[in-house]
Structures are given as C-alpha cells and as structure tokens.
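Okay, sequence plus prediction incoming.
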Amino acid sequence: MASEHIVGIDLGTTNSLVAFMQGDTPVVIPGDDGLNLLPSVVALDANSHPVIGNAARNSLIETPERAVYSIKRLMGRGMEDIQEELKLFPFRLAEDLQPGEVLRIKLGDKTFTPPEISALILRQLKRNAERYFVGPVTKAVITVPAYFNDAQRQATKDAGRIAGLEVLRLVNEPTAASLAYGLDKKQNGIIAVYDLGGGTFDISILKLHDGIFEVIATNGDTHLGGDDIDNLMITIALDDIRGDLSLDLRRNAEAVQAIRKAVIEAKIALSSEPSVKLDIELPGAHHYRREITREQFEQLIQPVIDRTLGPCKQALKDANLKPEQIEEVVLVGGSTRIPKVRALVKELFHREPHTGLNPDEVVALGAAVQANILGGGSEATQNMLLLDVTPLSLGIEVAGGVTDKIILRNSTIPASATQFYTTQVDGQANVAIHVLQGERELATDCRSLARFDLKGIPPMAAGIPRVEVKFLIDANGILHVSAREQRSGKEAEIQVQPSYGLTDDQVENMILDSFDNAEEDFRRRQVIEARNEAATILAALEKGKKSAAWGQLTTDEKKQIAKMEKALVAVKAEDDYQAIRKAIDTLNQGTTRLAELMMDTAVTSALKGKKMDETDLGEGPTAPHPMAKAEFE
Amino acid sequence: MRAAHFCESCGKVQPPAPVDYFTFFGLPPKLQVDVAALEKDFYELSRKLHPDLNAKDGSKEQEWSLEQSSLLNDAYRTLRDPIKRTQYLLKLEGVELEEQSKTATEQARSTGELKKQIVPPDLLEEVFEVNLHLEELRMQKKMGEDDPALLEEIGKAKLSLETKYEALLGELQNDWKSWDSLIDRGADGLADRSQILAKMVDVLNRRNYIRNLVRDVNAVLEE
C-alpha cells in the first residue's frame, strides 16, 4: 500500500500538468480553478510574490516586464545558444550576464535562473496534488523532450529539487505518451510518436511487445514548436500595422502581448473554422482588423511544419524502417490539432494518425503510469517496462579538436563506455577531459556537456598511469563519470564543471522556502551572504600566508591571526549571521598590517620592473588589497 | 551457464561479474545466434535487472542494477548485429582489424594523413576503374558538363559493388559455420582457429572497403 503518492508531471513549454494512477487509470489532478492545464507562465505581483498560471497570463498583457512564458526554451542553455530565442521572445536577461554563466532573467527588479522559474511552476503543481490528496507529495516523475541534451535534463532535475520534489525519473515525452497509449490499447507492434508541442518537436519510434516499450530510434528539434507559428503571425500583424497605421509597435510590450493573445486564439479557431477575424485593440484607440482564411494560415506555417520532416526521416533511417512499416502514429502536443499537421503526418506515414488520446494530457498520463511502475506497480502496470535510448551521441574531444564518439545515439540506456587515459608529463596529477554531445566531427560543432578534471593521480613517470574512466548514461539520460587509476587502484577524484548548469551548492541555496515565511527567508539569506564573505576572507588569508609579507610578521602577530582565523571558521559553521560578521570584522582588523606589508611588496616588485600580475595582487597600487572588505551593491 | 545476475532464492540483483557478452547471455562463443531467442532473453533479463523495476531496493542494489542493465544493453546491442558480433568475437580472440585500430585512427588524425587502406587484391581493377570514372565526373561537374553515358557507367559499377557487398555477408555466414563447428568439436588447435579468424578479418576488411567506396561514389553523384 502506497503511503505517499508518486505523481507524474508534464512540465510543458505552454502548459503543465500533474497526474497520478488512480487504480487502473491515470488521471489528471486539476488546479483549484478546476482546470487540468496550468499555463507555464510566471509573474510577480505588486508585492513581488510569484503568481503562476492563468492569473500570470493576465499579467503578461498588463505588466509584461514582470512576467515570463515558455521558460522551457531557456532551460540548460547558455547565452550563445539562445540568440534566436532572444529575437522572438521578450526574455529580459540580467545585465551583468557573462558568457558561460547560467542564464538569469529579470522579472520586475528581481532575477531568476530558468530552473528557479520552472521550480515555481512545479511547486504549484505539487500544491495542487497535495490539496487533492490532503497529504504531502515529495516524489515525482517529470517528463522532458526526448531530444533534450544532458544540460537540459540536469536543469529539469534541479528545478524539481528546488521545488521540494525528489525526481525519481526523467521520462522522455514521446515514450511517456506511448505508455498511455499502450495501457489503453494493449497491443504489440511498431508505433511512432509525433510530438509537436509549444517549443519542442520529438519523433520516437517504438516497439511494443508484451508490456515492454522499447524505443528504437528518436530524433527531434528543441527549437521548434507552436511558439514559432505564433511568432510568424505576430510578425505579420506587426508589419501590417506598421504599413496600414504607420505605427511601429515592435517595442511596445503590452501591444505585442495583446497581439500574441489574439493570434493564438485565431490559430486555435482555424483548426475548426475555415476563416477567422482578428480584431485587436491597440494603443491610441486604434483597431487592427484582419480576416485570415485557413488557406492563408496553412501557406504561412508550411515552412515551420516542414521542419518536422527531416527528424522523422532520420529516425526512420536510424531504425532501419520504411514509413509503411510503422503500424500506428500517435499524435502528441496541442499543435497536432492543426489540420495541416495531421495531413503532413498522414502523407509521411501513409496512414491516418491515432487521435483517440487527448494530445494535451497524454504525456502527463504516461508520466503517471511510469510513476506507478517505479512505485512498485499495480495490476494494470505489472508487466510494463520502458526501455528508452539516449538521443545524442556522447563523445570525448581528442587531439586535433575532433570528437571521438564513445556511446552512439539511439543506444538503449542505461549505457556505458570505458576509456583509458594516461599522463603526458612526469608526475602529472591531473588529466582534463572534455565531454560532448552531438553527431558532428569537430568538437566545436558539438554541444559541450562538461569538462572533467581527473585529480589525484598518483605521481608516476609520464605514460605509466592507466586511468580507467567509466562513462555511464543512466535511465534519466544523464551522464555519470567515475575514474580509477588501475595500477594503484586509487579512485581518482572527478570535478565537474557543468556547462550552463548549476552546481549542487547553488541548487541547495535556491531550494524554495515558503514565500510566506519571509522572515526565515531573510535570515537564511543573511547567513548565506555572511558565509560567502567569510569564505572570501579566509581564502585571501591563505594566500597571504604564502606571501613574502607573512615572514615579516612577529610570532605574536601570527598567533593572534591564527586565533581569529580559528574563531571565524568555528562560527562560520553555525547559523548566527551576526556572530559571523563580528568574527569577519575581527579578522579584518587583525590582518591590517599583513595587508599593508603585502601591498608594499607589490609596489616594490613593481618598481623592480616585474609585471603586476606576477605578484597576483590586482592591477596596481589602487587595487583593493586582499584583506579589504568586499563591496556589495 | 548464464552469469548469476540475481539471487535465485530472493530474486535481488547481484553485483555484475566481469564476464564477456556471450557468457552474460549464457551462450557459447559461437557466431550463429538465434536473434529471436536472444531478444526474448533480453526482455526477460531487462525485467529483472532494469533500475525502474528495482527502484524500491536499497541503494547498493540500485547501483548494481544500473551497472548490470548497462552491461545487458551493451551485450545485446553487440550480439544481435551480425557484424558487431563478429568484430566482438575477433576482439575476444585478440585480433584487430587494421582499419579499425584506434592507433591507426589517432595517428592519421594527428598527422592529417589518410588512413592506409589496403585495396583487396580481387577488387583492384574494379576500384581503379571506378576511381577513374569518379575523377572524370568531378571534372565534368566543375565545368558544368553532363555526360549520361558516364553516369550510366558509374551506376553500373555502383550496382556491381553493392552486389558484392551483399554477397560478402553470405561469405561471412559460411565462416561462422566453420568457426562454430570448431567450437563444437572443442578444437584447441591455434592454427585452425587463426585460419578462420583471418578469413573473417579479410571479409570484414573487404566489406568496409567497398562500403567506403560506395559512399564516395554517392558523395560525388550528389555534388
């Protein structure tokens, strides 16, 4: 008997849902407004409290600078890869963002990373479920696009953790949909899942056999979805308005959002009506009126939906199958309601697609089925097992800037590969490894997944150590690395610098307290900042101890400093931020003379013609010395 | 004997043993494999070893589950494909294909030279002709000319190569029979084993060569 329900969550670009297995049937849990779909929109109200869902959608139009939508497009990405997104979406990046850093976007005057925004959505779903069960919900299965890379998956897991959920498994969206389908149909055969959502496109080909759901091949495009169709229509409207009314509204955020709302309604209407009339109220009491026929709409969107053909053909090729050999095509995602999309699917696979399942809900329902399986299963799911694949090849950068593929795409996961490394130089203790995902030959054309430093290799002559590095892609599609130096049997330490990702510490610091508990929040923040400052000054002191100036101190002075250092280290581990600050001040004062001495050394060295950066103290006598109090904005 | 993946009495996952892929599936190191039976075994073992179905066990079991199922997946992927299976057996027997060897690849990459490709002797004439035609075609395309007769020649040559390619699989399957009967007889004679292994290496090399050549032809045709 399950004491706690494990839920299945579809964290979508446009809408999010939470579901669970009720007996033999997966069921969506509604919000307190009675609706199954929670729009993936987050806004800050006047008091800077987060608002999620339909209420936030209104904010989009009234106070667009305090709201954000389609945050999934930014998950696990860096500044370099979102240039297209920035052109088409009103994301406001924090001003001081550096390349290689985790993205931060502005809502009002606060900044958030994409996982934090996603966490707010997840937390809302968590609350909806807890309200429904009248009990805690701490475990979930969350779905991701099959074509999401490692960084994007990790970001999703981070979002779950920040929201207070233990993410038991990340499931690929098309695979989840196939579970819902398979539970329903209970038939063996080869199926394709065509998933066109708000921001991502996936095509997966699966073999269903006696409860085993085996993915054979998967492909997709993580920059393609209904949003792109919306943007086309918005651009046309803006051009029209500029032409007809001589009004350039591209920078007018409220107007753009009003237009966006209207074109989305029109797009949806055109799935059942032959034509639709747009009538949008613009600033200055202007009206934009236009009729759009379905033919015009279909002509407009053809290039967008044609982009789904390439991945479909590649997936069929990888699966070694002809389109006719696919016995059923399951449609997933709101955008598959568009008649032209259905026509495209029918033409490609030579059969009518299966439309019996609600394309908005099927992924969440499938996630609930998987949640049930992980929880021990029930009668309905007894024989079910998901065998998924990794969508992208995993490679290592080798000499010449080339990628050496060690795990190929469409390999069933969990999957592993072992590589051996050795050293170039006598006594070399570290080896750097650059891991990539992608199909291209050159490392620069692939996606940088992470850089690993193997540390602690026992000192030996060059070429003698034999470090065995094991790469394992787990059932979530996330990479784990472990290393062992074979001759000594010593486990080498691996330090991961995730590209565009958050470190464990950063995630820990972000874990959402209840926003209602402002005082506790404030106190926690103070403790964190004080600890950071303490860490800085202790690190500076370490440097100071290695400098020539240290030798100029008397034994007594050194003893005093040691005492203050010890005190700070002790109090830093506690929760009293005021005590930490006091200890920092004390140490600051106690090291004033050391700082001065170090400054003198720096100046002297400079006079001797040495370069300033060799003494490691900043750019010149005006640079703050290492013991100076850090400046906060 | 299949490796003991899980305890017979309590059913819990065991730590993975360092066995080869054949032993993992309880198969002898023979090259003719009943792929349908292999698939059935794969599904059955997946149900026992997959992390999803061991999610409620202790963390040690979960770790073993992860390792066991990745080993299972690697083993299945290798054994069910005729070429990968052959290459794997060759590796177990300590034989390496010239073109496949990592050192050759790395050397080629670092020096920027092309890897040495030994032209199979029986193909020498055909290869020479095809390359000649390809050069002609490349030049013609540069000048914007069009010679349907040349295209037809190349088309025929490509078909001939593709037929040879298919036939090589048949040859390989014959070699499998020889290998398997050696194993059945329990023959330990190194000479016998080496002979068959060498034959299989030869077939794989020729197959690789032809595949690369056909790929080059297609590349020029599509230019």
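Here it is on my side, so go on.

How many residues are close by A:Met75?
Other residues lying near A:Met75 total 27 when counted by other C-beta atoms under 10 Å in any protein chain shown. C-beta coordinates here come from the backbone N, C-alpha and C atoms, glycine included.

go on, A:Asp426?
11.

ok, now the one 10 residues further on?
Each residue near A:Leu436 was counted by other C-beta under 10 Å, and the total is 26.

now do A:Glu508
A:Glu508 has 12 nearby residues by other C-beta under 10 Å.

now do B:Leu38
Number of residues near B:Leu38 (other C-beta under 10 Å) recorded here: 17.

Look up how far chain A lies from it.
14 Å (C-beta to the nearest C-beta, to the nearest Å).

tell me which element the closest residue to A:Glu361 other than its chain neighbours falls in.
Closest residue in space to A:Glu361, ignoring its immediate chain neighbours: A:Val28 at 5.5 Å, by C-beta to C-beta, 6 or more residues apart in numbering or on different chains. Remark: A:Val28 resides in strand A:25-29, with elements defined by DSSP states H and E.

contacting residues for residue 61?
Using chain A here. A:Glu254, A:Gln257, A:Ala258, A:Lys261 (C-beta atoms under 8 Å, 6 or more residues apart in numbering or on different chains).

my bad, the chain I had in mind was chain B
By C-beta under 8 Å, 6+ apart, the contact list for B:Glu61 reads B:Lys12, B:Val13, B:Asn54.

Now restrict the residues you listed to buried residues only.
For the contacts of B:Glu61, burial is judged from neighbour counts taken by 16 or more other C-beta atoms under 10 Å in any protein chain shown, and it is met by B:Val13, B:Asn54.

Of the contacts of B:Glu61, which one scores lowest on pLDDT?
Sorting the contacts of B:Glu61 by pLDDT puts B:Lys12 at the bottom of the list (71).

doesn't B:Ala75 make contact with B:Phe25?
Yes: counting by C-beta atoms under 8 Å, B:Phe25 touches B:Ala75, with 6.4 Å between them.

Tell me how chain B divides into domains.
Taking automatic domain parsing as the reference, chain B has its domains at B:1-80, B:115-222.

Around chain B, which positions in the stretch 101-250 of chain A sit nearby?
Taking C-beta under 8 Å from any C-beta of the partner chain as the contact definition, the stretch 101-250 of chain A meets chain B at A:Leu168, A:Arg169, A:His209, A:Asp210, A:Ile212.

Show me those residues that map onto strands.
Judged by DSSP state E, these include A:Leu168, A:Arg169, A:His209, A:Ile212 as members of strands.

Between all of these, which two are separated the most?
Of all pairs drawn from these, the one with the largest separation by C-beta to C-beta is A:Leu168 and A:His209; the distance is 24.7 Å.

between the two, who's got more neighbours?
Applying other C-beta under 10 Å to A:Leu168 and A:His209 shows that A:Leu168 carries more neighbours, namely 20 against 14.

A:Ile373 is in contact with the more buried one, correct?
No: under the criterion of C-beta under 8 Å, A:Leu168 lies out of contact with A:Ile373, with a separation of 10.2 Å.

other SSEs contacting the biggest helix by length in chain B?
What stands out as the longest helix in chain B, according to DSSP state H, is helix B:148-185. For helix B:148-185, the packing partners by 3 or more C-beta pairs under 8 Å, 6 or more residues apart in numbering or on different chains; DSSP states H and E come out as helix B:82-92, helix B:124-143, helix B:190-222.

so how far is that helix from its chain's centroid?
Computed by C-alpha atoms, centre = their mean, to the nearest Å, the separation of helix B:148-185 from the middle of its chain amounts to 14 Å.

Now that helix: average pLDDT?
The model assigns helix B:148-185 a mean pLDDT of 91.

So which bits of it are buried?
Going by neighbour count (16+ other C-beta under 10 Å), the buried part of helix B:148-185 is B:153-154, B:157-158, B:161, B:164-165, B:168, B:171-172, B:175-176, B:179-180, B:182.

All good on my end, thank you.
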